[in-house]
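Colleague: With the input below, show me the fold.
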Amino acid sequence: MEGKYVRLRAVEETDLPFCQLLYNDLELRRLVVGWDFPVSLAQQKRWFETSQQDRNNIRLIIENKEKESIGLTGLWDIDWHDRHALTAVKLLLSDENKGKGYGRDAVMTVCAYAFFEVGLFRLWTTIINYNAPSFKTYVERSGWKVEGLLRQHVFRNGKSHDLYYVGCLREDFLAVSDAIDYVPSEIPAGYDIIPPKEGQV
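Modeller: Predicted structure coming up:
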């Protein structure tokens, strides 16, 4: 899946050292909701082997245009009946990645993939209250809505923090000014609510 600045692709076995690095990054672990003990490469390999038959959880590597791995996203807990899933974005917190729009581009790209390729109706995620960059990316710049707040729900560094529940419907995504840039050029049947691109009839 191609965005403006990133591309999303399936995880290969050769990506496992990168996944381990990303998962064990201390600063990144502070910003995300899930918690676990540090992960070994052997554990990553076991996950990869069992994930090959998993149709309800899809991890995707985020690459820049130079095909360098810079992060991870995906769709988790896919509910094929009610057509919704959890999504998230993890980016390496390096100076090379900051301020280049990679995070927002990955969010918009995975939204377009979920809504127009996978056929989902709703995406959701959670954001710790002090993770201002994620809140800005999802809610202020990508059309997501705050749907709830769980008070003192996440324990980090000896203190409890509030947790935002945010969600995005297909119409929320399409209301974003540049959403049409992410929609596939050949729209599947049933998506006639999408306005034509500039220059098209």
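
Colleague: going forward, measure contacts between C-alpha atoms and count neighbours the same way
Modeller: Fine.

Colleague: what residues are up against the closest residue to residue 91 other than its chain neighbours?
Modeller: What sits nearest to residue 91 in space, not counting adjacent residues and going by CA to CA, 6 or more residues apart in numbering, is residue 71, at 4.1 Å. Residue 71 makes contacts with 22, 61-63, 89-92, as judged by CA atoms under 8 Å, 6 or more residues apart in numbering.

Colleague: List the beta-bridge partners for residue 71.
Modeller: residue 62, residue 91 (DSSP bridges).

Colleague: Roughly how far does it sit from residue 101?
Modeller: 13 Å (CA to CA, to the nearest Å).

Colleague: Can you show me the CA trace of the helix or strand bottoming out on mean pLDDT in the chain as CSV?
Modeller: Taking mean pLDDT, DSSP states H and E as the measure, the chain has helix 26-31 as its least confident helix or strand, at a mean of 89. What follows is helix 26-31, C-alpha atoms only, in CSV (Å, rounded to 0.1, in the frame of the first residue of the first chain):
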residue,chain,number,x,y,z
LEU,A,26,12.0,2.1,26.0
GLU,A,27,10.8,5.5,24.9
LEU,A,28,8.3,4.0,22.5
ARG,A,29,7.0,1.6,25.1
ARG,A,30,6.3,4.6,27.3
LEU,A,31,4.0,6.1,24.6
